[in-house]
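Engineer: Quick one, what's the 3D model for this:
(chains A and B)
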Amino acid sequence: AQSVTQLDSQVPVFEEAPVELRCNYSSSVSVYLFWYVQYPNQGLQLLLKYLSGSTLVKGINGFEAEFNKSQTSFHLRKPSVHISDTAEYFCAVSFSGGYNKLIFGAGTRLAVHP
Amino acid sequence: DAMVIQNPRYQVTQFGKPVTLSCSQTLNHNVMYWYQQKSSQAPKLLFHYYDKDFNNEADTPDNFQSRRPNTSFCFLDIRSPGLGDAAMYLCATSGGLADPSSYNEQFFGPGTRLTVL
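Structural biologist: Below is the predicted model:
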């Protein structure tokens, strides 16, 4: 069965520090990978996605992620965070071929402190 | 801008009183999804439409129904809301004929927060 694991439920970090949010998946077939951000009382906004090609993906707001097939990981990174990055972050996978459901991780709460 | 719109953003209903949430899209996408998201949890898929074909998740309660009268609109009906149905409800779309790669990504609306009194 396919699954997504976000290894940290909460990540506290100081402003301007680097951050990494970890995501691992389990699948026996090819996957598409996504990171979404959710601010309070709002919907999900796509940060970045990996569908194919370069394994280093750059997204909005200075975030990037690297697809590592051998480690089945898709960790999200930002070199210097801002207070405004405080939000919930969800890693999700879908499976190649036609349209597919998203399988979400449990989410990581990023709290940026001054 | 092409987008997914949900109305209302906040909905308050009484225990047992039917409620309908609305989703519309200007993306001309074939697939529309409804998710339930409870506090501090990941979104949970309730059902989706591929064009006119309705697909219910196995664990979606019978209390939840959906209608898709045309490509642009999709409704979520909760027949007898209970206190446990209080949540954020998210609509998403995917899959445009003009861009087959868009089937691989879901576009989310801003959500409707439902409160049950």
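
Engineer: okay, the residue of chain B most remote from its centre: pLDDT?
Structural biologist: Farthest-out residue of chain B from its mean C-alpha position, per CA atoms, centre = their mean: B:Ala98, at 23.2 Å. What the model reports as pLDDT for B:Ala98 is 70.

Engineer: Contact partners for it?
Structural biologist: By CB atoms under 8 Å, 6 or more residues apart in numbering or on different chains, the contact list for B:Ala98 reads B:Asn28. Heads up, the C-betas are built off the backbone N, CA and C, glycines and all.

Engineer: Would you mind giving both backbone torsions of the residue nearest to A:Val4 when sequence neighbours are not counted?
Structural biologist: Nearest residue to A:Val4, sequence neighbours excluded (CB to CB, 6 or more residues apart in numbering or on different chains): A:Gly105, at 4.1 Å. With angles defined as degrees, to the nearest 10, A:Gly105 sits at phi -80, psi 170.

Engineer: Hmm, A:Gly105 is touching A:His75, no?
Structural biologist: No: if you go by CB atoms under 8 Å, A:Gly105 and A:His75 don't touch, sitting 11.8 Å apart.

Engineer: what's the overlap in contacts for those two?
Structural biologist: Joint contacts of A:Gly105 and A:His75 (CB under 8 Å, 6+ apart) are A:Cys23.

Engineer: who has more neighbours, the two?
Structural biologist: Neighbours were counted for A:Gly105 and for A:His75 using other CB atoms under 10 Å in any protein chain shown; A:Gly105 has more, 24 against 18.
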